[in-house]
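Participant: using only what follows, build the 3D model:
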Amino acid sequence: MGIDYGRVEYGRCPCTGRYENRFVEVRLTVNGRVVVLTSVPQGACPTCGSRVYKAEVLNRIESLMKNERFSKRT
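Facilitator: All right, here's what the predicted structure looks like:
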């Protein structure tokens, strides 16, 4: 069973605020193409605006970007 990112705790921000769960759109450029990922889980501090991602999320994004579908055509 997968992680319920709507319930993930991100903890406290260094500014003493508390990170809140949200889902965002992430735009990346891969081999000259813009790739848009939607509903990416993120922790955001309402006090200072700092944003964080869980390591599992970053690892998943990295694995998607390594996928051959985004490789340059020869």
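Participant: C-alpha from now on. contacts and neighbour counts both.
Facilitator: OK.
Participant: any chance you could map the helices in this protein?
Facilitator: 55-65 (DSSP state H).
Participant: return the helix or strand in it with minimum mean pLDDT.
Facilitator: Across the helices and strands of the chain, mean pLDDT, DSSP states H and E gives its lowest value to helix 55-65, namely a mean of 88.
Participant: in it, what's buried?
Facilitator: For helix 55-65, burial by neighbour count (16 or more other Cα atoms under 10 Å) applies to M65.
Participant: and F23, how far from A44?
Facilitator: Distance, F23 to A44, by Cα to Cα, to the nearest Å: 10 Å.
Participant: neighbour-wise, which of those two wins?
Facilitator: Neighbours per residue (other Cα atoms under 10 Å) separate F23 from A44, with A44 holding more: 21 against 14.
Participant: residues contacting the more buried one?
Facilitator: Applying Cα atoms under 8 Å, 6 or more residues apart in numbering, we find A44 in contact with 19-22, 50-52.
Participant: what sits closest to V8 if chain neighbours are left out?
Facilitator: Nearest residue to V8 in three dimensions, chain neighbours excluded: N21, at 7.2 Å (Cα to Cα, 6 or more residues apart in numbering).
Participant: how many residues are close by the one you found?
Facilitator: Around N21 there are 19 other residues, counting by other Cα under 10 Å.
Participant: got a pLDDT number for it?
Facilitator: Looking at N21, its pLDDT is 94.
Participant: same check, this time on V26
Facilitator: Looking at V26, its pLDDT reads 91.
Participant: and for it, the neighbour number?
Facilitator: When neighbours are defined as other Cα under 10 Å, V26 has 12 of them.
Participant: all numbers from here: first residue = 345
Facilitator: Noted, 345 is the first residue going forward, which turns the last one into V370.
Participant: partners of it in the sheet?
Facilitator: L381 (DSSP bridges).
Participant: pretty sure it is touching V378, no?
Facilitator: No: the criterion here is Cα atoms under 8 Å, and V370 misses it with V378 at 10.2 Å.
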